[in-house]
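Participant: Quick check, what structure comes out for this input:
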Amino acid sequence: MMRRTTTPTTIHTADGSSVTIRRRGIVYDLETKNALGQTISTVEMGQADLDRLYREMGDDANSDSHDRAYAAGYRDGREAA
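Facilitator: Sure, this is the predicted structure:
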């Protein structure tokens, strides 16, 4: 279950994109951004839907796939020279 907090939670992807989850009253806003930081979508969902999303994600919801991918050798051309 998603922790009930007003502090946003951000999940980073291997390509530099991100999903930020913010609580807003009784609903949650999910904002996805591309690697350039541009918002590409927003979604509003209730607690039950968010809980299901986290269950479907499994262990990946509690890890940083961005860091794991880079540690495994992923390169996107944006790393420091």
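
Participant: Only C-alpha atoms from now on, for both contacts and neighbour counts.
Facilitator: Noted.

Participant: give me every residue that touches Val27.
Facilitator: 44-47 (C-alpha atoms under 8 Å, 6 or more residues apart in numbering).

Participant: repeat that with 6 Å
Facilitator: Residues near Val27 by C-alpha atoms under 6 Å, 6 or more residues apart in numbering: 45-46.

Participant: For the protein, which segments count as strands?
Facilitator: For the chain, the strands defined by DSSP state E occupy 9-12, 18-24, 27-33, 39-46.

Participant: looking at those strands, which is closest to Gly73?
Facilitator: Closest to Gly73 of the strands of the chain, according to C-alpha to C-alpha: strand 9-12, at 16.4 Å.

Participant: Give me the helices and strands touching that closest one, please.
Facilitator: strand 18-24 (3 or more C-alpha pairs under 6 Å, 6 or more residues apart in numbering; DSSP states H and E).

Participant: try 10 Å this time
Facilitator: strand 18-24, strand 27-33, helix 65-71 (3 or more C-alpha pairs under 10 Å, 6 or more residues apart in numbering; DSSP states H and E).
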